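Undergrad: My questions concern the predicted model and sequence given below.
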Amino acid sequence: MSLKFKAVSDSDTDPKSPNSKPNNENTIKREIVDLRNGSEVLYIQRFFTYDQSWKWFHFLNNHIPWTRPTVRVFGRSCLQPRDTCYVASPGLPELIYSGYQPHAYSWDDYPPLKDILDAVHKALPGSYFNSLLLNRYKGGNDYVGWHSDDEKLYGLTPEIASVSFGCDRDFFLKKKPCKTSNVSKRHDEEPASKRLKKSCHADQYTFKLKHGSLLVMRGNTQRDWIHSVPKRAKVDTTRINLTFRHVL
Ligand SMILES: O=C(O)CCC(=O)C(=O)O
Ligand SMILES: [Fe+2]
């Protein structure tokens, strides 16, 4: 089953609403997608107003010290297919992913990031984020491949809050292949290597991540699902994405 996530229609609210940031808490629409087995995604399409979101986009595009590091993927060195930057509270364990250890900048260096973080905290009572990975996709050739954010320093059930500014991009979520087959087929009918690749469920969800939106992945999502932002030939403008995380 491939399920296209239905976003709220454009007529629901005026995207150029003059509301202060974020959009009025009592009227913004929250969509929850139950991925089963304790995995869940929350999506708020118009979390920030249209105008405020463009102000932040331009600030981030011009002031964040973006880098495009060399990372290791399947044992090979390659240029990461997007720009990146890392911000973290002092004293946290260092983040290392794909053999790359980003420098941790301070929240104080970029005050608008603190405003965005405050808004996210306010919308998600009980949640606490102390680090932020920023991504900049400069066009449709920039992407993030299939992965889960399951680094040990985030704990067993990390919550990840993802804010998007700029051009819309597709965000895919796909169930991880099961380690053991639960179908009635006998295990000895095919080699183990083939069996391990088989997915229990063919579930895939597509979200169109809009300018000013907030998407939150929760529970077992990083354990049981992988996600990606694929290349898009027709996209030629920039998207900036902020993923807030809690380092234990
Ligand atoms: O750009 C996005 O929406 C996703 C980024 C992401 O998955 C990550 O930084 O781990
Ligand atoms: Fe991710």
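TA: Yes, it's here. For clarity, every value in this text was computed on a predicted model and none was experimentally measured. Ligands and ions are numbered 1, 2, ... in the order given.

Undergrad: Every contact and neighbour count from this point should use C-alpha atoms.
TA: OK.

Undergrad: if you skip the residues just before and after it, what's nearest to the residue nearest the centre of the chain?
TA: The structure's the chain has its C-alpha centroid closest to S162; by C-alpha atoms, centre = their mean the separation is 4.6 Å. Closest residue in space to S162, ignoring its immediate chain neighbours: T243 at 4.3 Å, by C-alpha to C-alpha, 6 or more residues apart in numbering.

Undergrad: which residues does that neighbour bridge with?
TA: In this entry, T243 is beta-bridged to L133, S162, by DSSP bridges.

Undergrad: do you know how far it is from V87?
TA: T243 sits at a distance of 10 Å from V87 (criterion: C-alpha to C-alpha, to the nearest Å).

Undergrad: What of E151?
TA: 17 Å.

Undergrad: State the pLDDT value of the nearest residue to D224 once chain neighbours are set aside.
TA: Distances taken as C-alpha to C-alpha, 6+ apart place K176 nearest to D224, at 5.5 Å, with adjacent residues excluded. K176 carries a pLDDT value of 94.

Undergrad: Near K176, how many other residues are there?
TA: Each residue near K176 was counted by other C-alpha atoms under 10 Å, and the total is 22.

Undergrad: May I ask you to confirm that it is in contact with W225?
TA: Yes: in this structure, K176 is within contact of W225 by C-alpha atoms under 8 Å, at 4.9 Å.

Undergrad: Can you name the next helix or strand after the worst-scoring helix or strand of the chain on mean pLDDT?
TA: Every helix and strand in the chain was compared by mean pLDDT, DSSP states H and E; the lowest is helix 192-197, with a mean of 39. Following helix 192-197 in sequence order, the next helix or strand is strand 204-209 (DSSP states H and E).

Undergrad: If we look just around ligand 1, which residues of this protein are in range?
TA: D149, N241, T243 (C-alpha under 6 Å from any ligand atom).

Undergrad: Who are the packing partners of the one helix or strand the second one maps to?
TA: Secondary structure assignment for N241, by DSSP H and E: strand 239-245. Applying 3 or more C-alpha pairs under 8 Å, 6 or more residues apart in numbering; DSSP states H and E, one finds that strand 239-245 contacts helix 50-63, strand 131-137, strand 160-166.

Undergrad: what's the angle from that strand to strand 160-166?
TA: 160 degrees (axes from the mean of the first three to the mean of the last three C-alpha atoms, to 10 degrees).
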